[in-house]
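Asker: sequence first, then the predicted structure, then my questions.
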Amino acid sequence: MQHPHDHIVVGFVTLPYSIILGGWVMPDGSIISNPLAAQKEAERLNNANRTIH
């Protein structure tokens, strides 16, 4: 992240930032407004993708 409202990219996972909703959009449609929590969830999703393949 270069700016506070950049998309969070971890491996194959990208969590886009929504200015309207004020947070990062999870694949299930939920919103995370804390950047550290969003980063942690992106890492968790990326690791989960590795175990599936």
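Answerer: Ah, there it is.

Asker: show me what the lowest-mean-pLDDT helix or strand in the chain is packed against.
Answerer: Here the helix or strand of the chain ranked lowest by mean pLDDT, DSSP states H and E is helix 35-52, holding a mean of 88. If you count contacts as 3 or more C-beta pairs under 8 Å, 6 or more residues apart in numbering; DSSP states H and E, helix 35-52 packs onto strand 8-10, strand 13-15, strand 23-25. In short, each C-beta sits where N, CA and C put it, glycine included.

Asker: show me what counts as buried in the first one.
Answerer: Of the residues in strand 8-10, those buried by neighbour count under the rule 16 or more other C-beta atoms under 10 Å are 8, 10.

Asker: distance of the residue most central in space within the chain from Val9?
Answerer: When C-alpha atoms, centre = their mean is applied to the chain, the residue found nearest the centroid is Leu15 (3.2 Å). As judged by C-beta to C-beta, to the nearest Å, Leu15 and Val9 stand 8 Å apart.

Asker: then Asn46?
Answerer: Counting by C-beta to C-beta, the separation of Asn46 from Val9 is 9 Å.

Asker: just Val25 next, same as before
Answerer: Using C-beta to C-beta, Val25 is found at 13 Å from Val9.

Asker: which residues are common contacts for those two?
Answerer: Residues touching both Val25 and Val9 (C-beta atoms under 8 Å, 6 or more residues apart in numbering): Leu15.
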